[in-house]
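**Student:** missing the sequence, but the structure's below:
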C-alpha cells in the first residue's frame, strides 16, 4: 500500500458494531466486565481506549512501524523516552532543537542524574567524540528547529548500532510524508502531533512509533504508569488530520519553496535557512532521506537588528504571530523570545538563533497572497 493510501486506510478498520467509516469517539473512562478481569479488551481509558488505539495503529502504519503510542503532548512523549534511562546515563543530543525539549532535558532530567551533551550533528564525527560507557541514547531532530539543519539518520543509525545505543528521531518537521526514520535505522520516532499530523491548530498531542516489541512494551508500561495519555477526542482529531496529511504536505512544500526563494532574492533579507537550497549544508543528505523539503523557513533581516524583525512580525497580516507550526494557516514566530526562550542566550546564539531570526510555518493559502504579505511587511524596515 502506497503512502497516500496508507494515511486513509493503513491499519484502519470500520467500526465493527455499526460500520462507521470513522472510528467513534469513545468518550468513556471505564468499561464493563462480566466477571473480575474479564472484559472486551479495555478496562480503563488511561490504559487503553478504542479511539486512541485507532490512532496508534494508524501512526504505526504511516511510519512503517509495528507499535504506536499516543500521549497528551509531544513533551510527554519525550518524557516517556527519557524515563527509559537511569541516573548516571548520558544522552547525546543535537545542539539545535526545540526549546521545550532542551528545557525538559536540562531543567528536569538533569536533576535526576542524567547527563546531556549537545553537539552539532550536521558535522560528521561530532557524535562519536562524546560517546563513553555511560552513553545510552542519541537524540536527533532533522530538520532541526529552528535552523533547519539536516542530520544524516542512516549514518547516526550506524553509530548507534556500533555502540549499542538507542537512536531517537523527532520527525515533527518532516512528518512521515517526507521522511520515515525507522526505515533509515532509528529505534524510536517521535512527533509533536500538535503540528502537521493534526494539521488544524486545534489539538495538543504527542506520538511515538517503534518496531521492537520489547522496547514497545517498556514504553507502553511508562505510558500507562505515568498516565500522560491523549484523550479520545484528541485522538479522533489527529486521526482525521492524518487522512489529509499527504495533500496538505504537498501544498506546504510548494508554498515553502516559493517563500524561501522569494526571501533569498529580497534585498532586505540577510540569510535564509531552508534545506531545499542546493548550497544548504547537507542538502544532498536532505534530498536522499526526504521526499521534499517541507514548509518551514527561517530567515534574518539584513543588519541583524531585532527591532526590524519585531516590526516585520507585528505587521504581517496573513502570517499570524503565534507559537506552534504545521497548521493549515501560516504562522510566524520569534524563536529567541518565543519557542526557544528557555535556552540561555549564549547557547542559542552558538547555533544561529540570534535575536533577529524569524521562523515561518508556511501554510496552505494561495502563495501569491503569502508573498504579498511578506512584501508589505518588509517595506516597513
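**Tutor:** It's in. On a predicted model such as this, the values are computed, not experimentally measured, just so you know. Numbers count the residues shown, from 1 in each chain.
**Student:** what's the closest non-adjacent residue to residue 369?
**Tutor:** residue 318 (5.9 Å; C-beta to C-beta, 6 or more residues apart in numbering). Where C-beta positions appear, they are placed from N, C-alpha and C, glycine not excepted.
**Student:** Likewise for residue 21?
**Tutor:** Closest residue in space to residue 21, ignoring its immediate chain neighbours: residue 14 at 5.8 Å, by C-beta to C-beta, 6+ apart.
**Student:** Give me the neighbour count for the one you found.
**Tutor:** When counting by other C-beta atoms under 10 Å, one arrives at 11 neighbours for residue 14.
**Student:** Spell out which helix or strand contains it, please.
**Tutor:** Using DSSP states H and E, residue 14 is not contained in any helix or strand.
**Student:** pLDDT score for it?
**Tutor:** In the prediction, the pLDDT value recorded for residue 14 is 90.
**Student:** How about residue 37?
**Tutor:** Looking at residue 37, its pLDDT stands at 89.
**Student:** for residue 349, same thing?
**Tutor:** Residue 349 is assigned 85 on the pLDDT scale.
**Student:** all helices for this protein, in order.
**Tutor:** Chain-ordered helices for the chain, with DSSP state H as the definition, fall at 3-9, 50-62, 74-82, 99-103, 153-162, 175-178, 213-226, 232-242, 245-264, 283-289, 306-315, 345-350, 367-378.
**Student:** same question for the third one, mean pLDDT?
**Tutor:** What it means is helix 74-82. The average pLDDT within helix 74-82 is 98.
**Student:** Could you number the chain from 36 rather than 1 from now on?
**Tutor:** Sounds good: first residue 36 from here, last item helix 109-117.
**Student:** Contacts only, for residue 103.
**Tutor:** The neighbours of residue 103, taking C-beta atoms under 8 Å, 6 or more residues apart in numbering as the test, are 90, 91, 92, 93, 94, 95, 242, 243, 244.
**Student:** Apply 10 Å and report the result again.
**Tutor:** 46, 87-88, 90-97, 224, 242-245, 251 (C-beta atoms under 10 Å, 6 or more residues apart in numbering).
**Student:** Ok, residue 371 next?
**Tutor:** When contacts are taken as C-beta under 10 Å, 6+ apart, residue 371 is in contact with 134, 181, 341, 344, 378, 380, 383-384, 388-394.
**Student:** If you count neighbours, what's buried in stretch 364-384?
**Tutor:** For stretch 364-384, burial by neighbour count (16 or more other C-beta atoms under 10 Å) applies to 365, 366, 367, 368, 369, 370, 371, 373, 374, 375, 378, 383.
**Student:** Hmm, residue 354 and residue 348 touching each other?
**Tutor:** Yes: taking C-beta atoms under 10 Å as the contact criterion, residue 348 and residue 354 are neighbours in contact, 8.2 Å apart.
**Student:** Look at those two and report which has more neighbours.
**Tutor:** The residue with the greater number of neighbours, taking residue 348 and residue 354 and applying other C-beta under 10 Å, is residue 354; the counts read 25 against 17.
**Student:** dump the residue contacts of that one.
**Tutor:** 294, 347-348, 364-368, 393, 395-398, 400, 405, 408-409, 412.
**Student:** now with 6 Å?
**Tutor:** With C-beta atoms under 6 Å, 6 or more residues apart in numbering as the criterion, the residues that contact residue 354 are 365, 367, 408.
**Student:** Residue 65: which of these is nearest?
**Tutor:** Of all these, residue 65 sits closest to residue 365, with 42.2 Å by C-beta to C-beta.
**Student:** Run a quick neighbour tally on the nearest residue in space to residue 341 that is not next to it in sequence.
**Tutor:** If the residues on either side of it in the chain are set aside, residue 341 comes closest to residue 390, at 4.0 Å by C-beta to C-beta, 6+ apart. For residue 390, the count of nearby residues is 18 (other C-beta under 10 Å).
**Student:** on that earlier part again, so which of the helices of the chain comes closest to residue 68?
**Tutor:** Set against residue 68 and scored by C-beta to C-beta, the helices of the chain come closest in helix 85-97, at 15.8 Å.
**Student:** who touches that closest one?
**Tutor:** 41-42, 45-47, 58, 60-61, 102-105, 211, 242, 244, 267, 270-271, 273-274, 277.
**Student:** mean pLDDT for the helices of the chain: which is lowest?
**Tutor:** Of all the helices of the chain, mean pLDDT reaches its minimum on helix 380-385 (a mean of 86).
**Student:** distance between that one and the chain's centre?
**Tutor:** Going by C-alpha atoms, centre = their mean, to the nearest Å, the spacing between the C-alpha centre of helix 380-385 and its chain's C-alpha centre is 22 Å.
**Student:** Give me the helices and strands touching that helix, please.
**Tutor:** Other helices and strands packing on helix 380-385, by 3 or more C-beta pairs under 6 Å, 6 or more residues apart in numbering; DSSP states H and E, are absent; none qualifies.
**Student:** Just the residues contacting it, thanks.
**Tutor:** Residues from elsewhere that reach helix 380-385 (C-beta under 6 Å, 6+ apart): residue 375.
**Student:** Since that was my last question, I'll sign off now.
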